[in-house]
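Student: The following comprises the amino acid sequence and a computationally predicted model.
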Amino acid sequence: MELLKKYNIELYFTFFVTFGYIFFYSFALPFNTLNQYFSVPFRVIIFFLSLYIIYLNWDNVKKRKVTFFSVGVFWIFYLIKTFYSFHNYTFFENTGKQEYSIYIRIICLNLIPIFALLSINFSKKIINDLIPLIFNFLLVILGISFLYVILISHYYNASSGIFTSYYISTGHYGLSLIIISIFCYFHPPQEKIKSIIGVLLGIFTILISSARSPLLAGFIILLILLLYLNKIKYWFTLLIFILIFLGGIYYLKHLSVDFQFIERVYAGIFEGNASGRGYYLLKGWDVFSNNIFFGGRTLFEDGMYPHNVFVEILMSMGLIGLILLFLYFKDLKKFRVNYIKENTYYLPFFLFFVQYLVLVQTSYCIFANMEFWHFSALFISIILFCYDEKIKSNDSRGNTTGDH
């Protein structure tokens with residue numbers, strides 16, 4: 001019965017929506033079967049659990065009604081445009097067959113779990129309990145993936161390890177482990193050995209994934225942290241690291257090292273090769289140019305997309321969609337650095353949000369990048385909780401001093 005307490009339901013729901021789902025992506029490859037046998041039951045449970053959490057937190061839903069309205073209008077408009085696209089544009093047969101599964105993903109995998117996350121009060125206690133849960137889980141699951149690659153698959157190029165996820169997503173699992181490992185290294189109980197192992201496992205996962213966006217996201221996160229610290233020695237260290245990294249990539253490439261990570265990073269940095277993304281980006285912009293206000297189709301004929309969330313929103317929903325996106329994230333303006341200073345355990349979730357914000361600039365379509373939307377909802381909910389607590393604190397001080 002302890003597990004069924006509201007606090008525990010919210011804690012484990014948040015864990016499974018943000019990271020725990022990875023566990024259910026780790027069975028199909030070892031057992032040589034379809035991932036749907038594991039992921040679909042899990043997603044069904046998450047959907048109904050989301051509805052239950054929304055019910056439990058209905059008072060919070062009413063208090064945050066403007067946020068819920070903004071988020072709901074965005075997704076409903078996107079759903080309508082998706083329906084319109086499938087019935088007014090031509091698609092390849094395989095893409096057309098995905099129509100109803102896309103509707104399900106929009107509503108059941110995105111909108112409803114997002115509402116549930118937005119309804120939760122992410123207090124210091126729940127966040128402090130989430131951090132070790134996520135850290136230990138990622139450490140174990142990526143450790144198992146490491147052993148699977150080393151002992152069984154022996155596949156080190158564009159590898160997803162033990163997971164059925166796309167290799168880019170796997171690379172971001174590695175970056176997430178690095179972020180939380182470094183955080184746990186400096187924070188109680190300071191499990192330094194485990195943290196070092198976590199960083200090494202994260203680096204290994206990024207390297208075998210051959211994905212470039214985790215590198216870009218990691219670099220952006222470093223820039224943000226250095227802008228906050230703003231000390232010459234840190235900037236100088238970063239500059240030296242960048243020069244060594246670029247020199248190493250250039251040298252290894254010209255040694256003809258047969259490692260896809262080296263080849264892809266070299267192609268991206270020194271040749272400007274974006275793996276064909278430029279074509280889809282321009283194609284998406286052309287669709288927007290011909291449908292400026294309400295946008296055109298939500299996917300291309302072959303099911304592809306612009307590989308950039310802003311261009312995709314313009315393509316599929318036009319300027320109206322862009323306005324709805326800004327309204328979606330309007331609560332970000334309430335963010336204050338003091339929220340993290342007062343509880344540093346919020347920091348990893350801010351960095352996860354930044355990480356996946358970078359990812360949606362280069363990969364995946366709107367409905368497929370659930371990590372970005374889920375971490376966005378979690379971060380917005382943290383901001384709203386801290387903002388409300390600040391108002392309560394100010395009101396309390398005002399009443400104490402007789403300022404009624």
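Tutor: Sure thing, it's come through.
Student: Go through the helix ranked longest in the chain and flag the buried ones.
Tutor: The helix that spans the most residues within the chain, counting by DSSP state H, is helix 370-400. Of the residues in helix 370-400, 370-386 count as buried by neighbour count, 16 or more other C-beta atoms under 10 Å. C-betas here are computed from N, CA, C, even on glycine.
Student: Next: stretch 154-170.
Tutor: Those would be 156, 158-170, for stretch 154-170 by 16+ other C-beta under 10 Å.
Student: now swap in stretch 340-351 and tell me
Tutor: Buried, per 16+ other C-beta under 10 Å, within stretch 340-351: 340, 343, 345-351.
Student: Let's have the buried residues of stretch 154-170 in CSV, adding secondary structure and pLDDT.
Tutor: As requested, those are exported to CSV (DSSP: H, G, I helix; E, B strand; the rest coil; pLDDT from 0 to 100):
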residue, secondary structure, pLDDT
Tyr156, coil, 91
Ala158, coil, 90
Ser159, coil, 92
Ser160, coil, 92
Gly161, coil, 93
Ile162, coil, 94
Phe163, coil, 94
Thr164, coil, 90
Ser165, coil, 87
Tyr166, coil, 89
Tyr167, helix, 92
Ile168, helix, 94
Ser169, helix, 94
Thr170, helix, 95
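Student: Which of the three states applies to Val257?
Tutor: Following DSSP: H, G, I helix; E, B strand; the rest coil, the label given to Val257 is coil.
Student: now it: how far from Val265?
Tutor: 12 Å (C-beta to C-beta, to the nearest Å).
Student: Please identify which of those two sits among more neighbours.
Tutor: Val265 (21 against 12; other C-beta atoms under 10 Å).
Student: mind checking pLDDT for the nearest residue to Thr164 once chain neighbours are set aside?
Tutor: Counting by C-beta to C-beta, 6 or more residues apart in numbering, Thr164 lies nearest to Asn35, which is 4.2 Å off, once chain neighbours are set aside. Looking at Asn35, its pLDDT reads 91.
Student: what's around Asn35, how many residues?
Tutor: Neighbours of Asn35 (other C-beta under 10 Å): 16.
Student: so it touches Tyr25, yeah?
Tutor: Yes. Counting by C-beta atoms under 8 Å, Tyr25 is a contact partner of Asn35 at 6.4 Å.
Student: Now do the shared contacts for those two.
Tutor: Jointly contacting Asn35 and Tyr25 under the rule C-beta atoms under 8 Å, 6 or more residues apart in numbering are Thr164.
Student: low-confidence ranges in the stretch 301-404 of the chain?
Tutor: For the stretch 301-404 of the chain, the stretches flagged by pLDDT under 70 are 395-404.
Student: same thing but at 80, please
Tutor: 392-404 (pLDDT under 80).
Student: that older thread, quick check: the two most widely separated of the buried residues of stretch 340-351?
Tutor: Asn343 and Leu351 (14.4 Å; C-beta to C-beta).
Student: And for Leu118, the neighbour number?
Tutor: Using other C-beta under 10 Å: Leu118 sits among 22 other residues.
Student: who's in contact with it?
Tutor: 61, 64, 67-68, 71, 377, 380-381, 384 are the contacts of Leu118 under C-beta under 8 Å, 6+ apart.
Student: Quick check: what element follows the helix or strand harbouring it along the chain?
Tutor: Element membership of Leu118, judged by DSSP states H and E, is helix 112-119. Sequence-wise, the next helix or strand downstream of helix 112-119 (DSSP H and E) is helix 124-148.
Student: how far off helix 370-400 does that next one point, in degrees?
Tutor: Put simply, helix 124-148 runs at 160 degrees to helix 370-400, going by axes from the mean of the first three to the mean of the last three C-alpha atoms, to 10 degrees.
Student: just checking, what packs against helix 124-148?
Tutor: Where contact means 3 or more C-beta pairs under 8 Å, 6 or more residues apart in numbering; DSSP states H and E, helix 124-148 is packed against helix 6-18, helix 167-186, helix 192-209, helix 347-359.
Student: buried stuff in the second one?
Tutor: This points to helix 167-186. For helix 167-186, by 16+ other C-beta under 10 Å, it's 167-185.
Student: Can I get that helix in PDB, CA atoms only?
Tutor: Extracted as PDB, the C-alpha positions of helix 167-186 are listed here (Å, rounded to 0.1, in the frame of the first residue of the first chain):
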ATOM      1  CA  TYR A 167      21.300   5.400 -32.200                       C
ATOM      2  CA  ILE A 168      21.000   9.100 -31.700                       C
ATOM      3  CA  SER A 169      18.700   8.600 -28.700                       C
ATOM      4  CA  THR A 170      21.200   6.100 -27.300                       C
ATOM      5  CA  GLY A 171      23.900   8.700 -27.500                       C
ATOM      6  CA  HIS A 172      21.700  11.100 -25.500                       C
ATOM      7  CA  TYR A 173      21.200   8.400 -22.800                       C
ATOM      8  CA  GLY A 174      25.000   8.500 -22.500                       C
ATOM      9  CA  LEU A 175      25.000  12.300 -22.200                       C
ATOM     10  CA  SER A 176      22.300  12.100 -19.500                       C
ATOM     11  CA  LEU A 177      24.400   9.700 -17.500                       C
ATOM     12  CA  ILE A 178      27.400  12.000 -17.800                       C
ATOM     13  CA  ILE A 179      25.300  15.000 -16.600                       C
ATOM     14  CA  ILE A 180      23.900  13.200 -13.600                       C
ATOM     15  CA  SER A 181      27.200  11.500 -12.700                       C
ATOM     16  CA  ILE A 182      29.100  14.700 -12.600                       C
ATOM     17  CA  PHE A 183      26.300  16.200 -10.500                       C
ATOM     18  CA  CYS A 184      26.400  13.300  -8.100                       C
ATOM     19  CA  TYR A 185      30.200  13.500  -7.900                       C
ATOM     20  CA  PHE A 186      30.000  17.000  -6.300                       C
END
